[in-house]
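J.: Dropping a prediction and its sequence here:
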Amino acid sequence: MRADKERRRTISREAARRRRRVESELFADLSRLLPLQSSIQAHLDKPSIIRLTISYIRLKALLTDEVCASNVEQCMRRGDGGVRLGCQDAMEEDEINIYLRMLGGFVMVLSSEGDMMFLSENVSKYLGLTQTELMGHNVLDFTHPCDHQEIKSNLRLSSEDFWCGAKRDFVVRIKSTLTLRVRSPSLKSATWKVLHCQGRAKACVGPASASCLLLTCQTLPISHTLLSTHTFGSQHSMDMRFTHCDHRVMTLLGYSPRELVGRSIYELCHTLDTNSLTKYHLNLYLKSQSVSGQYRMLVRGGGYVWVESHSAVVPGARPPKSRPCSPPPLCIICITYVLRYCMRMESLLWKPCRNDVLMLNVCICIVCACV
């Protein structure tokens, strides 16, 4: 009786060992099918293999959806800056790296549920988290809780989106394991990094899984903003009144720095751009960094110029430990880019630049080449 019991146990152990071996072989075969480097494939655990496989299947379905491709092609014919998804020729690796450096950020594809279906490989340069660590996870798990509602509203697709991709432009805070000196290995000690996300919603008549957001994400540290002859710096109070301005504003807008001190930026912007500036102002309060998007600013001699402002809130001095309350902010620092002049009334409406469409096509090509 005892010998039979031991024999059954031995048979059960052998069957379990054989089952685990077959399972490991299946996962190894599945891992080799993923379009990843062999060094990365060798270190993937089973949950990661399943997560990445599902992401690539969904992305492949998105890129091969004929209905989606035809809808986007119709948008291109209408000239509203749609994106063509038909990329047949694979790009070389060095060419992809050149395009990613041009973007100054990374590419992200979100499903309608917020799952990160794809991120370009250079995401680790900006967040410290690798492509394989993020793909397949929901973006809400890595973003600030106060930004969840804004992300959900951008993921929501209206009836208009089903025929032409609608623009998306928002600012979010996302977890980053990069510190000033070294990469932190744990998400528990991660800090928040502000990202400016721009792109389009791509909707389909077919299954909901084929709908997505195609975004380019750029970090917003004000210290990294490039200065040129077409930019001027300014300092504002928290209600966006000028307290100081660069002398270059006289060449670009015609105002002397002394004329602008005490005036609000809302006095100089076009009436139709007030709502977008208000959203930009609120983002500054909540996230400490923001980018305004294109808006029109009044020139001293008459007419308007298209500008874009990159801004950051300068925090106050830290209070002593006996007073744990948060310090009030000192001021707002802005770097404003002058984009182009529009002196006639018929040119006041912003038209998509061909470079914007080209950049979105580049993002699609990067996704196609990496899949």
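T.: Yep, that arrived.

J.: Tell me where the model's unsure across the stretch 51-200 of the chain.
T.: 64-96, 158-165, 179-189 (pLDDT under 70).

J.: give me that answer again for 50
T.: Within the stretch 51-200 of the chain, the stretches with pLDDT under 50 are 66-67, 69-91, 180.

J.: quick one: the helices in the stretch 51-200 of the chain?
T.: 66-78, 93-103, 123-127, 131-134, 148-155 (DSSP state H, counting those that start in this stretch).

J.: If you could redo that for the stretch 251-371 of the chain, that was the one I meant.
T.: Counting by DSSP H, counting those that start in this stretch, the helices of the stretch 251-371 of the chain are 257-260, 265-268, 274-287, 354-370.

J.: packing partners for the second one?
T.: Read it as helix 265-268. helix 274-287 (3 or more Cβ pairs under 8 Å, 6 or more residues apart in numbering; DSSP states H and E). For every residue, glycine as well, the C-beta is placed using N, CA and C.

J.: show me the contacts for the residue nearest to residue 230 when sequence neighbours are not counted.
T.: Spatially, and ignoring its direct neighbours in sequence, residue 230 is nearest to residue 338 (4.8 Å; Cβ to Cβ, 6 or more residues apart in numbering). By Cβ atoms under 8 Å, 6 or more residues apart in numbering, the contact list for residue 338 reads 230-232, 252-253, 305-307.

J.: one more time with 10 Å, if that's ok
T.: 228-232, 248-249, 251-253, 297, 299, 305-308 (Cβ atoms under 10 Å, 6 or more residues apart in numbering).

J.: The chain: strands as residue ranges?
T.: Taking DSSP state E as the test, the strands found in the chain are 106-111, 116-119, 167-176, 191-202, 212-219, 231-236, 242-245, 289-291, 295-298, 304-314, 331-342.

J.: Need the mean per-residue confidence for the last one.
T.: When you say that, I think you mean strand 331-342. The average pLDDT within strand 331-342 is 81.

J.: tell me the angle of it relative to helix 274-287?
T.: Relative orientation of strand 331-342 versus helix 274-287 (axes from the mean of the first three to the mean of the last three Cα atoms, to 10 degrees): 150 degrees.

J.: Now do strand 331-342 and strand 304-314, the angle between them.
T.: Using the same axes, to 10 degrees: strand 331-342 against strand 304-314 is 160 degrees.

J.: picking that back up, and the residue nearest to residue 230, how close does it get to residue 111?
T.: 38 Å (Cβ to Cβ, to the nearest Å).

J.: what's the answer for residue 259, then?
T.: 50 Å.

J.: of those two, who's got more company?
T.: Using other Cβ atoms under 10 Å, the more surrounded residue of residue 259 and residue 111 is residue 111, with 22 against 15.

J.: That one reaches residue 157, doesn't it?
T.: No - judged on Cβ atoms under 10 Å, residue 111 makes no contact with residue 157 at a distance of 11.3 Å.

J.: quick one, longest helix in the protein?
T.: helix 2-33 (DSSP state H).

J.: Which strands or helices does it pack on?
T.: helix 38-41, helix 46-63 (3 or more Cβ pairs under 10 Å, 6 or more residues apart in numbering; DSSP states H and E).

J.: Please tabulate the ones you listed in TSV, including the columns distance to residue 10.
T.: Listed next are the helices and strands packed on helix 2-33 as TSV, based on distance: least, Cβ to Cβ, whole Å:
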stretch	distance to residue 10
helix 38-41	35
helix 46-63	27
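
J.: Please list only the buried members of the contacts of residue 338.
T.: 231-232, 248-249, 252-253, 297, 299, 305-308 (16 or more other Cβ atoms under 10 Å).

J.: Name the member of the residues you listed with the shortest distance to residue 59.
T.: residue 308 (31.4 Å; Cβ to Cβ).

J.: how far does stretch 35-55 stretch from start to finish?
T.: 12 Å (Cα to Cα, to the nearest Å).

J.: From residue 29, how far out is residue 50?
T.: Applying Cβ to Cβ to residue 50 and residue 29 gives a distance of 13 Å.

J.: brain fart, residue 43
T.: Distance from residue 43 to residue 29, by Cβ to Cβ: 16 Å.
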